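Colleague: 3D model of this:
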Amino acid sequence: MSNTSLLAGWRERWNKSLFLFLRQRVRGAVDIEDLAQETYLRLLLARDLSGVRNPQAYLLQVARHVVLEWRGQRIPPASFVDLEEASLVDECPPELELEARTSQERLELALEEVSPVVRAVLLLRLRDERPCREIAAQLGLTERQVKRHLARGYDHLRTRLES
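Modeller: Now for the predicted structure:
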């Protein structure tokens, strides 16, 4: 079976999961569509995909690499997982989806309570996965200040999310 026909099935089955995956890592709908298209293009040009035992995991791993490259980050060698053993769920049960939405709302409220600098540091670290050195350069802070803001922010989030 050709990669084209395989990918048509993958897209029909897991396109929603791919977009959810990308939406969690990227802001902006235009970027998400572009990244999804790049993911499918790479898969189309890849070796024979008929031997892939866990296609959804493979699709999301390729998408992860596309996002990292789009951000300009290097893909760490330790990030490669055994895709054959990865287990991903197609659909999230409604209870878990509700719990995730509630947790997201609580997190957003907790972030609104911290200072703008702490919020910026937390978002750059947690959402954008930036190292302290880059955060410091981007915000005009020292690395030590960034680490202090992270410690305060983590402490606040932990307190607010545990209550």
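
Colleague: isn't A63 up against T39?
Modeller: Yes. Assessed by C-beta atoms under 8 Å, A63 is found in contact with T39 at 4.5 Å. Placement of C-beta: from N, CA and C, glycine included.

Colleague: can you list residues touching both of the two?
Modeller: L18 (C-beta atoms under 8 Å, 6 or more residues apart in numbering).

Colleague: please enumerate the helices of the protein.
Modeller: 3-25, 29-45, 55-71, 94-113, 116-126, 132-139, 143-162 (DSSP state H).

Colleague: outside of the last one itself, list whatever touches it.
Modeller: Judged by C-beta under 8 Å, 6+ apart, the contacts made with helix 143-162 from elsewhere in the structure are 103, 106-107, 109-111, 113-114, 117-119, 121-122, 125, 132-133, 135-136, 139, 141.

Colleague: quick check on those: which are buried?
Modeller: 110-111, 114, 118-119, 121-122, 125, 132, 135-136, 141 (16 or more other C-beta atoms under 10 Å).

Colleague: make JSON lines from those and add distance to W14 and pLDDT to it.
Modeller: Below are these laid out as JSON lines (distance: C-beta to C-beta, whole Å; pLDDT from 0 to 100):
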{"residue": "A110", "distance to W14": "32", "pLDDT": "89"}
{"residue": "L111", "distance to W14": "31", "pLDDT": "87"}
{"residue": "V114", "distance to W14": "36", "pLDDT": "92"}
{"residue": "V118", "distance to W14": "37", "pLDDT": "92"}
{"residue": "R119", "distance to W14": "34", "pLDDT": "90"}
{"residue": "V121", "distance to W14": "34", "pLDDT": "91"}
{"residue": "L122", "distance to W14": "31", "pLDDT": "89"}
{"residue": "R125", "distance to W14": "29", "pLDDT": "87"}
{"residue": "C132", "distance to W14": "35", "pLDDT": "91"}
{"residue": "I135", "distance to W14": "33", "pLDDT": "92"}
{"residue": "A136", "distance to W14": "38", "pLDDT": "92"}
{"residue": "L141", "distance to W14": "41", "pLDDT": "92"}
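
Colleague: which of those sit farthest apart?
Modeller: The most widely separated members of those are A110 and A136, with 23.2 Å between them, by C-beta to C-beta.

Colleague: number of nearby residues for the residue nearest to V117 when sequence neighbours are not counted?
Modeller: In this structure, V117 finds its nearest non-sequential neighbour in H149, 6.0 Å apart by C-beta to C-beta, 6 or more residues apart in numbering. Neighbourhood size, H149 [other C-beta atoms under 10 Å]: 24.
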